[in-house]
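*Asks:* coordinates for the following, if possible.
(chains A, B and C)
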Amino acid sequence: MSAFLALLKRDLTLAVREGAALGTALGFYLVVVAMLPLGLGPDLKLLSRIAPGILWIALLLAALLSLPRLFEADQEDGSLEVMATAPLALELAVVAKALAHWISTGIPLALAAPVLGLMLNLDIALTPALVATMLAGTPAISFLGSIGAALTLKARRGGLLIALLVLPLYIPTLIFGISALGFAGLGQDGFTASFLILLAISVASVAAAPVAAAAALRLQMS
Amino acid sequence: MDLGPHAAFIWASYGAFVAIVGLLIGWTLFDGWRQANALADAERRGLKRRSTSAPASDRGSA
Amino acid sequence: MQTLTQRLANPTRFMELSRAVLPWVAAGACLLIAYAMYLVFLVAPPDYQQGETVKIMYIHLPSAWLAMMGYSIVAVSRFGLLVFRHPLADVSAKAAAPIGAAFTLAALITGSLWGKPMWGTYWVWDARLTSVLILFFLYLGLIALRSSLDDESLAGKLTAVLALVGVAILPIIKFSVDWWNTLHQPSTGFTSTVDPSMRTPLLISAVGFTLLFIALHLKAMQTEIVRRRVKAMRMAQVERDEQRFSAGAE
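*Replies:* Alright, predicted model coming up:
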């Protein structure tokens, strides 16, 4: 456990010290959200209707941007090899790294969403639901993303490839995140059901994704 | 043959299907032909699949 | 007693057997497809609801079926590679993926050309069309990952991990797309049962194109084995050249 926490702490410290990665992700999030009204026109009614979708899709893209770095730095300086042979199971090391990614990227993006929602005329009453669904959904984004990051570690064109591999895996998260918000917006009681499914998807990815990611990493170690 | 008011869609879908499957078949045959040629060429040049054990003189290169 | 898959594990044995089988499969495919097309265009009646556009069904449904069968072949082969280290598994999966992707694309295009006269639009975000589109994305991901690494054996194993992840998540994707569809769209009511007069040509067409798929798969596997032999021969030659060179330099 202490090894797990040490790894988590190390990754978070690195994320804080680098800082630029989070700044880039947040900046990208802002720019994508700002570009869409420029493409769709400034009609506030339309924007408030599609705001949840814009916020979610922009969040997926922004999170995707930081995924290639998940294992890259560790591979470059050789610490990945150490992790593969360390007493701490590689699966748990992946959990620590994906968790660090969620804390350092997923949570800030989820917290930034309501602010960007204001620009899209999103109903203020939806803010708690928006933040709640995003906090519930972003673990799936980080953990499923770790599979893509592990698979493309040595691939040519890794950055583009990771989007192609990982975006289809995000479809369930996206659908249930948006449908929960849709129910919340209409004041219907379907919110709880969608939200619980979203949570289940996240829990399942936290449990299963590290196994796949660790298997992919091990294949590339030997 | 009268295919009714939507004949264009029927022909278009059959056309697209024939194009895709035709390309697939054509490419599969071409690739097979190309690799068979490469194999024949390599065999003609006397290449073998396993590397022969090194002669005693160049033990140092291993 | 060895099982068939074990006996086929030897690439040379596979080449012999598949070379013997391939002409028959290909001939069967040609005959059945020709017969199916004869039935479709000269015999089968128009549908009372959809008129002649139902002719698209005879290529659309087999394509959709082969799209799914192709993914199953890829997934099973990848599983065989990862778990049993079957030597032909990677060859089979690598050969099947582009064929499956091509039939998926064919299903999407014929489906959308069928949709225009039926629904008035080329594309509806119908649960089935959307699922097939996502299947196409999964195929693209598999092909892209397989081709992005120079190390064949590593590429095969990594693609196996991706394929198994895809199999695990496919039901969840299907479930969420269905949920999403019922949320956003009234059912298209497009579930008419197939009349017996159309069932026969449909069945013959499906079997014919399945045989075509198998023939293409066998041919592509043979080609892949030959490609590997050529590669191995060239590598061995380079090795020998290096040995000779270093021997001469001493």
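*Asks:* contacts and neighbour counts: CA atoms only from here.
*Replies:* Noted.
*Asks:* so B:Trp33, which of the three states?
*Replies:* helix (DSSP: H, G, I helix; E, B strand; the rest coil).
*Asks:* where does chain B have low pLDDT?
*Replies:* Filtered on pLDDT under 70, chain B yields the residue ranges B:1-3, B:47-62.
*Asks:* just the CA coordinates of the strand or helix carrying A:Ala58, formatted as PDB?
*Replies:* Using DSSP states H and E, the element containing A:Ala58 is helix A:44-66. Output in PDB follows, covering the C-alpha atoms of helix A:44-66 (Å, rounded to 0.1, in the frame of the first residue of the first chain):
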ATOM      1  CA  LEU A  44     -28.200  31.400 -26.900                       C
ATOM      2  CA  LYS A  45     -31.200  29.100 -27.100                       C
ATOM      3  CA  LEU A  46     -29.400  26.700 -29.300                       C
ATOM      4  CA  LEU A  47     -26.300  26.900 -27.300                       C
ATOM      5  CA  SER A  48     -28.000  26.300 -23.900                       C
ATOM      6  CA  ARG A  49     -29.700  23.200 -25.500                       C
ATOM      7  CA  ILE A  50     -26.400  21.700 -26.800                       C
ATOM      8  CA  ALA A  51     -24.200  23.000 -24.000                       C
ATOM      9  CA  PRO A  52     -24.000  19.600 -22.100                       C
ATOM     10  CA  GLY A  53     -22.900  17.800 -25.300                       C
ATOM     11  CA  ILE A  54     -20.300  20.500 -26.100                       C
ATOM     12  CA  LEU A  55     -18.900  20.500 -22.600                       C
ATOM     13  CA  TRP A  56     -18.600  16.700 -22.500                       C
ATOM     14  CA  ILE A  57     -17.100  16.200 -25.900                       C
ATOM     15  CA  ALA A  58     -14.600  19.100 -25.300                       C
ATOM     16  CA  LEU A  59     -13.700  17.400 -22.000                       C
ATOM     17  CA  LEU A  60     -13.100  14.100 -23.700                       C
ATOM     18  CA  LEU A  61     -10.800  15.800 -26.200                       C
ATOM     19  CA  ALA A  62      -8.900  17.800 -23.600                       C
ATOM     20  CA  ALA A  63      -8.400  14.600 -21.400                       C
ATOM     21  CA  LEU A  64      -7.200  12.800 -24.500                       C
ATOM     22  CA  LEU A  65      -4.600  15.400 -25.100                       C
ATOM     23  CA  SER A  66      -2.700  14.500 -21.900                       C
END
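*Asks:* so which bits of that helix are buried?
*Replies:* For helix A:44-66, burial by neighbour count (16 or more other Cα atoms under 10 Å in any protein chain shown) applies to A:47-66.
*Asks:* is the helix or strand following that helix anywhere near chain C?
*Replies:* Later in the chain than helix A:44-66, the nearest helix or strand by DSSP H and E is helix A:69-76. No - contact of helix A:69-76 with chain C (Cα under 8 Å from any Cα of the partner chain) is absent, the minimum separation being 15.6 Å.
*Asks:* residues touching helix A:69-76, excluding its own?
*Replies:* Contact with helix A:69-76 is made by A:80-81, A:97-98, A:101, A:146, A:149-150, A:153, as judged by Cα atoms under 8 Å, 6 or more residues apart in numbering or on different chains.
*Asks:* can you verify C:Val124 is assigned to a strand?
*Replies:* No - assigned with three-state DSSP, C:Val124 falls outside any strand and is coil.
*Asks:* residue contacts, the residue lying closest to it once chain neighbours are set aside?
*Replies:* Leaving out its chain neighbours, the residue that sits closest to C:Val124 by Cα to Cα, 6 or more residues apart in numbering or on different chains is C:Gly115, at 7.7 Å. If you count contacts by Cα under 8 Å, 6+ apart, C:Gly115 has them with C:121-124.
*Asks:* of these, just the buried ones, PyMOL syntax please.
*Replies:* For the buried members of the contacts of C:Gly115, the matching PyMOL selection, counting by 16+ other Cα under 10 Å, is:
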select buried, chain C and resi 123+124
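*Asks:* what helix or strand does the residue positioned nearest the centre of chain C sit in?
*Replies:* In chain C, the centroid-proximal residue (Cα atoms, centre = their mean) is C:Gly100; its distance is 2.1 Å. Here C:Gly100 sits within helix C:89-119, counting by DSSP H and E.
*Asks:* so what's C:Ala127 up against?
*Replies:* The contact partners of C:Ala127, taken as Cα under 8 Å, 6+ apart, are C:177-178, C:181.
*Asks:* also C:Gly111?
*Replies:* C:60, C:129.
*Asks:* repeat for C:Tyr58
*Replies:* C:40, C:201-202, C:205-206 are the contacts of C:Tyr58 under Cα under 8 Å, 6+ apart.
*Asks:* now pLDDT too, for those residues, in a markdown table please.
*Replies:* Below are the contacts of C:Tyr58 laid out as a markdown table (pLDDT from 0 to 100):
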| residue | pLDDT |
| --- | --- |
| C:Val40 | 84 |
| C:Pro201 | 86 |
| C:Leu202 | 88 |
| C:Ser205 | 92 |
| C:Ala206 | 93 |
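*Asks:* would you agree A:Gln188 falls within a helix?
*Replies:* No - A:Gln188: not assigned to a helix; according to three-state DSSP it is coil.
*Asks:* now do the helices in chain C.
*Replies:* Assigned by DSSP state H, the helices in chain C fall at C:4-7, C:11-38, C:57-79, C:89-119, C:127-147, C:152-184, C:196-249.
*Asks:* buried sites along the fifth one?
*Replies:* Read that as helix C:127-147. Buried residues in helix C:127-147, counted by 16+ other Cα under 10 Å: C:127-147.
*Asks:* what mean pLDDT does that helix have?
*Replies:* Helix C:127-147 carries an average pLDDT of 90.
*Asks:* of the contacts of C:Gly115, which is the nearest to A:Gln188?
*Replies:* Distance to A:Gln188 across those (Cα to Cα) is lowest for C:Val124, with 26.2 Å.
*Asks:* got phi/psi on the closest one?
*Replies:* Here is the backbone geometry of C:Val124 (degrees, to the nearest 10): phi -120, psi 150.
*Asks:* in terms of pLDDT, where does it sit?
*Replies:* You'll see C:Val124 listed with a pLDDT of 79.
*Asks:* do you know how far it is from A:Tyr170?
*Replies:* Separation of C:Val124 from A:Tyr170 (Cα to Cα, to the nearest Å): 21 Å.
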